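# Let's see this in three dimensions:
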Amino acid sequence: MDTKAREYAQEVIKFIRKSGSSFLACKNLRDKLINNGLIPISEGEKWNLQKNEGYVLSKENRNICSFFIGKNFNIENGSILISIGHIDSCALKISPNNNIVKSKINQINVECYGSGLWNTWFDRGLGLSGQVVFKKDNKLIERLIQINKSLFFLPSLAIHLQHRTRFEFTVKINYETHLKPILSTVLYDQLIKKRKGITKKSSDENELQKRQEGISTQGEGTTQDHLEQEQKENVNSSPLLYILAKELNCNEEDILDFELCLMDAQEPCFTGVYEEFIEGARFDNLVGSFCVFEAFIELVKNVRSRDVSDSGSGSGEQDKCSYDNNLYICIGYDHEEIGSLSEIGAQSYFTKNFIERIITSIFMNDISNGNTSVDEIYGNLVNRSFILNVDMAHCSHPNYPETVQTNHHLYFHEGIAIKYNTNKNYVTAPYYACLIKRTFELFANEYKQTIKYQNFMVKNDTPCGSTVGSMVASNLSMPGIDIGIPQLAMHSIREIAAVHDIYYLIKGTLAFYTYYNRVLSSCVGDT
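You can find the predicted model right below:
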């Protein structure tokens, strides 16, 4: 298991390295799904879906959905089995009017996306990732971009310049005034652009700097008037436009707009004396999302390999039948860190709409003949369906053990965290938690690979974080469960997780896909 766990961890590292924003995470997952035989489709076309086939759908390059339709998917005993996660992370996003010049240094305005530990973003190299829109040949072109090298730096205030006592050294960070990364000096920006023959369109940056610092450089008019006029002429930072134009091979003046976030330029890596951990950025929730999509791909491979081998002996036949009856779905949502209230967020009708489109395409004849309706089919299937939401969890912190409920500490290498919350911040209910635990047991029995798990609950005097599980369960009227794996330093620019827990999460999600239908059919409820 150790070898396979490290292979998975290495793949996680590669994925996170390439996924500095939700745009790039979506693209990389889409490419991986297509490379594994799933067929790309789009919302704006008619869907002619086939059973025993897999598809991948991307919405606005920031939501990713894949699904596989069992070859015997039916209304009578079929299920819709959904695993979900979110692909966005806390970040500093570059503002539309981002140009700042102070102390003869070019800076940029940024906006805080989500609830990050912003103090951890200081004193390290920051790269760039996201989406840029520019014009070329009278056409609008959208391009995804990622620059992994250090372009920006957010410097702390030297200890010597702080008012302090012996044990209080840190200036309190003001998110508006202190989160202004530097890009270049004004001098170097002018020299480089002059050398390359790039003509400046706006007035001199020295004038802008003086105006922003409240120094009048004109004998007439107010400083504020001059500043507002200058910002209208030059809303984007000069060195920012330079690096974007260079990467996109376009003119600076052709860059129209963008959604770009800063990212840690230091690559994720194995860490610890025995390299039992991985450290890096955006673990919440790129680690979780990688795991659910990896499990989905393994499921599709298993289904297809059983079709090819056509083995019909022992328990394999029962598994094959279970595979064939279901619709399997895997989704990565954007905007979880800011509440999911968008046209692509988990609180939108995106998920319900595309499930209904799948039903319409697959059962078109029955619906056209008036034998049934989409609502009737959905209502029948939802009774046997389930949502598995994967989002990272809080490991017990050795320096702050009092922050965790006494009986619910999570530990590294102890497996999947099953999250409980009476107030439904987590969707988990005991009955369905037992069903999921049973799928882990069946997987262990067949493959001789134990899937460890542990229970998690927050303290009564601590706010409970929320995730997309309850949102999607509410919209779809389906039961579900919230799970994850332990990590430390959540929402820091640098986080840490354990190698073996990644393995447990992938295999646990695969066990859910593989055995949930069988476990559910064997249960006897108290009606």
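# contact partners of stretch 448-461?
1, 393-394, 403-405, 408, 410-411, 413-421, 437, 440, 443-444, 464-465, 483, 504, 507-508, 511 (CB atoms under 8 Å, 6 or more residues apart in numbering). C-beta: built from backbone N, CA, C; applies to glycine.
# Could you verify that C434 is part of a strand?
No. The assignment for C434 (DSSP: H, G, I helix; E, B strand; the rest coil) gives helix, which keeps it out of a strand.
# Distance of it relative to Q50?
Distance, C434 to Q50, using CB to CB, to the nearest Å: 35 Å.
# Could you pick out the buried ones from the contacts of stretch 448-461?
Among the contacts of stretch 448-461, those classed as buried by 16 or more other CB atoms under 10 Å are 393-394, 404, 408, 410, 413-421, 437, 440, 443, 464-465, 483, 504, 507-508, 511.
# Which ones among the residues you listed lie within helices?
Applying DSSP state H to the buried ones among the contacts of stretch 448-461, the entries found in helices are K437, F440, F443, Y504, K507, G508, A511.
# among these, which two are most distant?
By the measure CB to CB, K437 and K507 form the most distant pair in these, at 13.5 Å.
# Where do the helices of this structure begin and end?
Secondary structure of the chain by DSSP H: the helices cover 2-18, 22-35, 186-195, 205-212, 223-233, 238-248, 283-309, 315-324, 350-362, 364-368, 374-382, 430-447, 468-476, 499-521.
# what's next to the shortest one, contact-wise?
Read that as helix 364-368. Among residues not part of helix 364-368, those counted as contacts by CB under 8 Å, 6+ apart are I75, T360, T372, S373, V374, I377.
# repeat for the second one
Counting by CB under 8 Å, 6+ apart, the neighbours of helix 22-35 from elsewhere in the structure are 15, 18-19, 40, 54, 56, 58, 61-64, 66, 87-89, 129-131, 144, 146, 259, 286, 289, 293, 297, 332, 334.
# Give me the buried subset of those residues.
For the contacts of helix 22-35, burial is judged from neighbour counts taken by 16+ other CB under 10 Å, and it is met by 15, 19, 54, 56, 58, 61-64, 66, 87-89, 129-131, 146, 259, 286, 289, 293, 297, 332, 334.
# Can you check which strand is longest in this structure?
strand 139-153 (DSSP state E).
# So what's the residue count around N380?
16 (other CB atoms under 10 Å).
# can I see the domain layout of this protein?
The record assigns the chain these domain ranges, following automatic domain parsing: 2-89+281-521, 91-264.
# Quick one: end-to-end length of the longest one, please.
Criterion CA to CA, to the nearest Å; first-to-last residue distance in domain 2-89+281-521 is 34 Å.
# All further residue positions should be reported with the first residue as 38.
That works, and once the first residue is 38, the last one we named lands at domain 39-126+318-558.
# what about that domain, distance to the chain center?
Mean-position distance between domain 39-126+318-558 and its chain equals 13 Å (CA atoms, centre = their mean, to the nearest Å).
# Mean confidence (pLDDT) on that domain, please.
Domain 39-126+318-558 shows an average pLDDT of 94 in the prediction.
# quick one, strands of the stretch 88-237 of the chain?
For the stretch 88-237 of the chain, applying DSSP state E, counting those that start in this stretch gives strands covering 90-96, 100-106, 117-123, 128-139, 142-150, 162-173, 176-190, 219-222.
# For those, state which one has the densest average packing.
Taking mean count of other CB atoms under 10 Å as the contact definition, the stretch among these with the greatest mean neighbour count is strand 117-123, which reaches a mean of 27.
# what are the bridge partners for V169, then?
R180, F295 (DSSP bridges).
# residue contacts, it?
Residues in contact with V169, defined by CB under 8 Å, 6+ apart, are E179, R180, L181, I182, L281, L285, I292, D294, F295, L297.
# same deal with L378?
Contact criterion CB under 8 Å, 6+ apart gives H372, Q384 as the residues in contact with L378.
# thinking again about what came up before, closest to Y311 out of the domains of the chain?
Proximity to Y311, assessed across these by CB to CB, is greatest for domain 39-126+318-558 (9.5 Å).
# right, and P438 touches L447 too?
No. With contact taken as CB atoms under 8 Å, P438 and L447 are classed as non-touching, separated by 11.6 Å.
# related to what we said a few turns ago, let me have the domains of the chain in CSV, extended by distance to V310.
Listed next are the domains of the chain as CSV, based on distance: least, CB to CB, whole Å:
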stretch, distance to V310
domain 39-126+318-558, 13
domain 128-301, 23
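# Tell me which of those domains sits most buried.
Note that of these, domain 39-126+318-558 is the most buried (mean count of other CB under 10 Å), with a mean of 19.
# what are the phi and psi angles of the residue sitting nearest the centre point of the chain?
Centrality entry for the chain: nearest residue to the mean C-alpha point is I124, 1.1 Å, by CA atoms, centre = their mean. Recorded main-chain torsions at I124 are phi -110, psi 10, according to degrees, to the nearest 10.
# isn't it right next to R319, touching?
No. Distance between I124 and R319: 9.1 Å, which falls outside the contact criterion (CB under 8 Å).
# list the residues that contact both of those two?
Shared contacts of I124 and R319, defined by CB under 8 Å, 6+ apart, are found at S56.
# Next one: K461 from W158, what distance?
Applying CB to CB, one obtains 33 Å for the distance of K461 from W158.
# got it, and E304?
Counting by CB to CB, the gap between E304 and W158 amounts to 17 Å.
# hang on, the earlier thing: which among the contacts of V169 gets closest to N362?
Using CB to CB, the shortest approach to N362 within the contacts of V169 belongs to L181, at 37.9 Å.
# show me the contacts for that closest one.
Taking CB under 8 Å, 6+ apart as the definition of contact, the neighbours of L181 are F60, L61, K64, N98, G167, Q168, V169.
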